[in-house]
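**Student:** Need a 3D model of the following:
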Amino acid sequence: MKTQEIFVENIKCGGCMTSIKQALEKIKGITKVEIDKEEEKISLTGDHYKLSEVIDSLNSMGYPQRGDNTLFKQAKSYVSCAIGKMS
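**Tutor:** Below you'll find the model as predicted:
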């Protein structure tokens, strides 16, 4: 079992964290997702998952890796946040 950290952008609140956690837990091979909102750090535990799939999922929700942010991705993160708040 391996643990990997990814630093992203646009994590603002618990709604963001809920959306991220729910999406990443659906990826085959990931057994645990922990999120540090202050550091905007996601820690993944599991085996045989594809990092590219994780990054694609995060990008599609508006949470790109640090340094890869755009206004469009910021807007997408607000939508993901709202969905997480309703979950």
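**Student:** who's in contact with the closest residue to Arg66 other than its chain neighbours?
**Tutor:** Closest residue in space to Arg66, ignoring its immediate chain neighbours: Phe7 at 4.3 Å, by Cβ to Cβ, 6 or more residues apart in numbering. (Glycine included, C-beta is placed from N, CA and C.) Contacts here follow Cβ atoms under 8 Å, 6 or more residues apart in numbering; on that basis Phe7 touches Glu39, Glu40, Lys41, Ile42, Gln65, Arg66.
**Student:** again, only this time at 7 Å
**Tutor:** Glu40, Lys41, Gln65, Arg66 (Cβ atoms under 7 Å, 6 or more residues apart in numbering).
**Student:** Secondary structure element for it, which one?
**Tutor:** For Phe7, the element it lies in under DSSP states H and E is strand 2-7.
**Student:** in that strand, what's buried?
**Tutor:** Buried residues in strand 2-7, counted by 16 or more other Cβ atoms under 10 Å: Ile6.
**Student:** and Lys32, what does it touch?
**Tutor:** Thr45, Gly46.
**Student:** strand partners of the helix or strand hosting it, parallel vs antiparallel please.
**Tutor:** Assigned by DSSP H and E, Lys32 belongs to strand 30-36. Partners of strand 30-36 in the sheet, by DSSP bridges, are strand 41-46 (antiparallel).
**Student:** helices or strands next to the next helix or strand after the partner strand in the packing?
**Tutor:** Once the chain leaves strand 41-46, the next helix or strand it forms, by DSSP H and E, is helix 51-61. Applying 3 or more Cβ pairs under 7 Å, 6 or more residues apart in numbering; DSSP states H and E, one finds that helix 51-61 contacts helix 14-25, helix 71-86.
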